[in-house]
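*Asks:* Whatever this is, show me its structure:
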Amino acid sequence: MTERLRFRQTAFVVRDLDAAVRHWADDLGIGPWRVWTMRPPQLMDGVYRGTAVPFAFRHALAMSGEVQFELIEPIDGSSIFADQLDEIGEGPNHIGAVVDDHQAAVADLIERGFVPLQSGRFGASGDGLFAYFQRPGISTIVELIRPPSERFAPDYTYPAELP
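*Replies:* Predicted structure coming up:
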């Protein structure tokens, strides 16, 4: 193993991102949530199950202690998120780890028998990377994340941050 993965994110697929953000904030006390729409050109080099395809989704991020929660609503194209909604519905999707050397971490997972599911680049600088993997026979999807050096401004924040 090239780098010990430190999982800091858990993600859920939802049908209505705005309603989910309100629920998680108002009922569970998690937030504030920052919400983005991710589609080309903000989302680049999309690959789904080995094929280059454009896809789009909306997602929201919030911290609770040291854990980052992500909510994802697929909006266009083939994706593991749309697959989940079609096959089993809303619920947990993946756990994520931020890695320093994305390429080495990807190679390590593949060497250990994980299959690439989906990947892409993101961020205002285009240097953010994400890649999802699953090992046959194990239901957990693993995401490797290299955050971008610069993010786009979110569509909105809920609840609104106080000045």
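*Asks:* how many other residues sit next to the closest residue to residue 66 other than its chain neighbours?
*Replies:* Leaving aside its sequence neighbours, residue 66 sits nearest to residue 8 (Cβ to Cβ, 6 or more residues apart in numbering; 6.5 Å). Using the backbone N, CA and C atoms, a C-beta is placed for each residue, glycine as well. If you count neighbours by other Cβ atoms under 10 Å, residue 8 ends up with 14.
*Asks:* tell me which element residue 8 is part of?
*Replies:* Secondary-structure assignment from DSSP states H and E places residue 8 in strand 7-13.
*Asks:* Kindly tell me how buried residue 57 is, as a neighbour count.
*Replies:* Residue 57, neighbours per other Cβ under 10 Å, totals 21.
*Asks:* and if you look at residue 70?
*Replies:* Neighbour count of residue 70, defined by other Cβ under 10 Å: 19.
*Asks:* ok so it is a strand residue?
*Replies:* Yes - judged by DSSP: H, G, I helix; E, B strand; the rest coil, residue 70 forms part of a strand.
*Asks:* Poorly predicted segments of this structure, please.
*Replies:* 1-3, 161-163 (pLDDT under 70).
*Asks:* Please, where are all the strands along this structure?
*Replies:* Using DSSP state E, the strands of the chain run over residues 7-13, 33-38, 43-48, 51-52, 56-64, 67-76, 91-98, 115-122, 128-134, 141-146, 156-158.
*Asks:* and those as CSV, adding distance to residue 109?
*Replies:* Shown next, in CSV, are these (distance: least, Cβ to Cβ, whole Å):
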stretch, distance to residue 109
strand 7-13, 13
strand 33-38, 22
strand 43-48, 15
strand 51-52, 19
strand 56-64, 22
strand 67-76, 19
strand 91-98, 10
strand 115-122, 8
strand 128-134, 5
strand 141-146, 7
strand 156-158, 33
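*Asks:* closest one to residue 104 among those?
*Replies:* Ranking the strands of the chain by distance to residue 104, with Cβ to Cβ as the measure, places strand 141-146 first at 10.0 Å.
*Asks:* helices and strands around the closest one, which ones?
*Replies:* Under the contact criterion of 3 or more Cβ pairs under 8 Å, 6 or more residues apart in numbering; DSSP states H and E, strand 141-146 touches strand 7-13, strand 91-98, helix 102-111, strand 128-134.
*Asks:* Can you add distance to residue 25 and give those back as a markdown table?
*Replies:* Below are the helices and strands packed on strand 141-146 laid out as a markdown table (distance: least, Cβ to Cβ, whole Å):
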| stretch | distance to residue 25 |
| --- | --- |
| strand 7-13 | 14 |
| strand 91-98 | 19 |
| helix 102-111 | 31 |
| strand 128-134 | 24 |
